[in-house]
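In: Here you go, sequence then predicted model.
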Amino acid sequence: MKMKTLAAMALAGALATGPAMAELVMPDLSYRTGPYAAGGTPFSDGYQDYLNLLNARDGGIGGESIRIVECETGYNTEKGVECYESTKGEGALIYQPLSTGITYQLIPKATADGIPIHTMGYGRTSAANGEVFNWVFNYPANYWDAASVAINYLLDENGGDLNGKKIALVYHNSAYGKEPIRTLEELSSMHGFELSQLAVDHPGQEQKSQWLQIRRERPDYVLMWGWGVMNQVAVQEAANINFPMENFIGNWWAGAEHDVTPAGAAANGYKSLNMNRVQDYPVLEEIKTLVHDAGNAAGDGSNIGKVLYVRGMYAAMLAAEAIAKAQDIHGTAAVTPAMVRDGMEALEITNARMTELGMEGIGPEFSVSCQNHGGAGQGLVQQWNAADGVWEPLTDFIAPDASVIAPLIAEDSAAFAAESGITPGCL
Amino acid sequence: MFYREAGDFKTSYEADSQTFPIAFDRYRYWAVLAIAFLVIPFVINDYWVNAIFVPFLIYAIAAIGLNILTGYCGQVSLGTGGFMAVGAYACYKLMTGFPDVSIVIHIILAGGITAAVGAAFGLPSLRIKGFYLAVATLAAQFFLVWLFNKVSWFYNYSASGQINAPERFVAGVAVTGPNTAPWAQYMICLVFLTVCALLARNLTRGTIGRSWMAIRDMDIAAEIIGVNPLKAKLTAFAVSSFFIGISGALFFAVYLGAVEVGEAFGIQKSFLVLFMIIIGGLGSIFGSFAGAAFLVVLPVALKVIGVDWLDWPTDLVAHLQLVIVGALIMFFLIKEPHGLAQLWRVTKEKLRLWPFPY
């Protein structure tokens, strides 16, 4: 009987928050709890703060105000599905779940419901093929780009030759961590380096055996596909076995302040990729004055300017630009999810536009098309300076090796199309 | 006044030994079934199906399965998540290997495969009991998750290690895949749950159920009076795993559609189902339903109250949820160690005397 009363209460709650028409509804599937909260919190703060800035400064996008609907997923797929179902009824325009696992759940659902998904630098890599994945976008870069960028950087370091080198991949034992393996295997046979794979199970606090193996095998470089608490543990373990930090490279989800600060000075020299440059952007000042000082900061407001905060802000900017583009194409301010999809497919990000928005050089220039939902695929390499507590960019944006990635994307997306009975084509 | 035997005359042995001997109870049971089959499918929407009903129905099957093993046969198991994974991966391999065979047959076969695996992991129960057996089943949990992560044959060599449920139909209606109508998702789970619950209820009332309970209450005494512990324990493991396998297959194919073994079938899942039967009531089919409903609905209800009504920050609500669920588990263990099922029994007893209690 208890169940029935609770269910009735839940029903009343679901009905109480009915759809409101004249708003742009932006769901934020965030996670501020659990072992991945350290990464989820700053990203969500940046995402919300930028949208709140648009509300405060421009009255929304194209005169239409934005309503953020936050839903806590805890990086858990079941809760992610619940969040998707509960927010989609409110007229959600675009989903950014910040979780590869949840993305895999949402791809078929959102495709059937006609709501676009933007998985920036995560999710299913082969979604870059827009003819198969009409509703899924992963610009400006994906995991296979990241793998290729990391190898290109190492090639550059070694005078273009990695022959006979040993590279170890420490990865989160999930869809997220397994994504780059195929590309790295391809690259290993192409450049002649030896790849060893070390899986770390969720949530990643147990890595003693993996790092003992690294100490025994003495690889020249260690690449890491980590997230959440796993990164901090890995950096600490690498320091414990005296692994040279400058030969330890994380991907762009393993390169934020909270990943390296627990290890203190020992983390000095640790490198990671990044898909967005972190510097003092004028837009951060505006967020401070118009959002934080007005008391509308998401979270506690302490994350402003951090690596993942800037990335969340970048994600919000790309979404807002796509919505503006959609309003432009369809000549209406009250856009639907289908219109937003058109806007995303016609999106073009130029240096001039980024400067105009107060975030000069935050990402590479790129444009999206029906065939290519993946963007430019570029990433830069940054290094941690423990004394000053800052990430210093070492390189400019490095391009991935498209000749390796394009056939892999074509192959994987063709397999998906065959499996789910999709005829590739533009909408 | 309610639940009274008075005036309810039985004229045959069958009538006397039926599942619900009290007429009022029987009508209530038919009414619940009628609402579940004839009303809910017509009013249900996407949100209700995916947030409450389908998880509830699937967890109820898993809870019945674990209740047979732990509640009726007294063998503690922490391997539920692993056995659900066996069901899910068996279902996936069957679905992709034999696309022309009906999904219903695949789900039942997945249950059968899980029963075989469960019986194999049940062998140690003949030698060890209690905490030691719990540790042995914990090993099954970790081994199975590791296996499905390690051997890529299980996920058809996909790059990400995810398994995705292709679209399958029952009588021309899609029941898996993204285009499934909410009522179809609900109905297939409901049919499986109804059949499983009927099966479990009747098994536990018969010879085999009595031998399980004899083993639970005192295994040495049971052996002396002629209960074969090998047969009783292994059948409990097999039957329990069969139900858990079915719930795992439905969890993957109908509910989530895409699954990653470590995330979906980790040790947390084992604990969740164990909490369900502890809160619901060990050794009770109704308790399995009540426990599953409680742990599925409670987080959603707390979220609706905290986030949608009171407008609190989502992280605060998520943390409070852990505190409240934990506190409630402790409260129930102290105040009602026999779970929600016992509360229901007491209520029935009170209703019987109402309005003139003595």
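Out: Ah, there it is. All figures in this text were calculated on a predicted structure; none of them were measured in a lab.
In: if I read this right, A:Glu286 contacts A:Arg57, doesn't it?
Out: Yes. With contact defined as CB atoms under 8 Å, A:Glu286 reaches A:Arg57; the gap is 6.7 Å. The C-beta positions use only the backbone N, C-alpha and C, and glycine is treated the same way.
In: and whichever helix in chain B runs longest, does that touch chain A?
Out: The helix that spans the most residues within chain B, counting by DSSP state H, is helix B:182-205. No. Shown here: helix B:182-205 not in contact with chain A (CB under 8 Å from any CB of the partner chain), separated by at least 9.8 Å.
In: Who are the packing partners of that helix?
Out: Helices and strands in packing contact with helix B:182-205 are listed as helix B:40-43, helix B:54-66, helix B:207-217, helix B:229-250, helix B:285-303; criterion 3 or more CB pairs under 8 Å, 6 or more residues apart in numbering or on different chains; DSSP states H and E.
In: could you give the angle of it to helix B:285-303?
Out: Angular relation of helix B:182-205 and helix B:285-303 on a 0 to 180 degree scale: 140 degrees, by axes from the mean of the first three to the mean of the last three CA atoms, to 10 degrees.
In: May I see the buried residues of helix B:182-205?
Out: Across helix B:182-205, burial judged by 16 or more other CB atoms under 10 Å in any protein chain shown covers B:182-190, B:192-193, B:196-197, B:200-201, B:203-204.
In: Also stretch B:322-329?
Out: Quick answer for stretch B:322-329 (16+ other CB under 10 Å): B:Val325.
In: What lies in contact with it?
Out: Residues lying outside stretch B:322-329 but in contact with it, judged by CB atoms under 8 Å, 6 or more residues apart in numbering or on different chains, are B:275, B:278-279, B:295, B:298-299, B:302.
In: for the residues you listed, which one is nearest chain A?
Out: Checking the contacts of stretch B:322-329 against chain A by CB to the nearest CB gives B:Leu298 as the nearest, at 6.9 Å.
In: Quick check: residues of the stretch 1-150 of chain B near chain A?
Out: Within the stretch 1-150 of chain B, the positions near chain A by CB under 8 Å from any CB are B:46-48, B:50-52, B:55, B:149.
In: Can you name the two of the residues you listed that sit furthest apart?
Out: Farthest-apart pair in the residues of the stretch 1-150 of chain B next to chain A is B:Trp48 and B:Asn149; separation 33.2 Å (CB to CB).
In: ok, B:Ala88 - contacts?
Out: Under the criterion of CB under 8 Å, 6+ apart, the contact list for B:Ala88 reads B:110, B:163, B:248-249, B:251-253, B:259, B:261, B:264-265.
In: try it again with 7 Å
Out: With contact taken as CB atoms under 7 Å, 6 or more residues apart in numbering or on different chains, B:Ala88 is in contact with B:248-249, B:251-252, B:259, B:265.
In: cool, A:Ala234 as well?
Out: A:170, A:207, A:224, A:226.
In: If any of those residues are buried, put those into a PyMOL selection.
Out: Of the contacts of A:Ala234, the buried ones go into a single PyMOL selection, burial set by 16+ other CB under 10 Å:
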select buried, chain A and resi 170+207+224+226
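In: for chain A, where's the lowest mean pLDDT among helices and strands?
Out: Across the helices and strands of chain A, mean pLDDT, DSSP states H and E gives its lowest value to helix A:2-16, namely a mean of 47.
In: by contact count, what packs against whichever helix or strand comes after it?
Out: Stepping forward along the backbone from helix A:2-16, the first helix or strand reached (DSSP states H and E) is strand A:24-30. Strand A:24-30 is packed against helix A:37-58, strand A:66-72, helix A:77-88, with contacts defined by 3 or more CB pairs under 7 Å, 6 or more residues apart in numbering or on different chains; DSSP states H and E.
In: picking that back up, now render the contacts of A:Ala234 as JSON lines, adding secondary structure and pLDDT.
Out: Putting those into JSON lines (DSSP: H, G, I helix; E, B strand; the rest coil; pLDDT from 0 to 100) gives the following:
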{"residue": "A:Val170", "secondary structure": "strand", "pLDDT": "96"}
{"residue": "A:Gln207", "secondary structure": "coil", "pLDDT": "93"}
{"residue": "A:Met224", "secondary structure": "strand", "pLDDT": "96"}
{"residue": "A:Gly226", "secondary structure": "coil", "pLDDT": "93"}
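In: Any residues of the stretch 251-358 of chain B in contact with chain A? List them.
Out: When proximity is defined by CB under 7 Å from any CB of the partner chain, the stretch 251-358 of chain B lies next to chain A at B:256-258, B:260, B:262-264, B:266, B:293-294, B:297-298, B:300-301, B:304-305, B:308-309, B:314-315, B:317-319.
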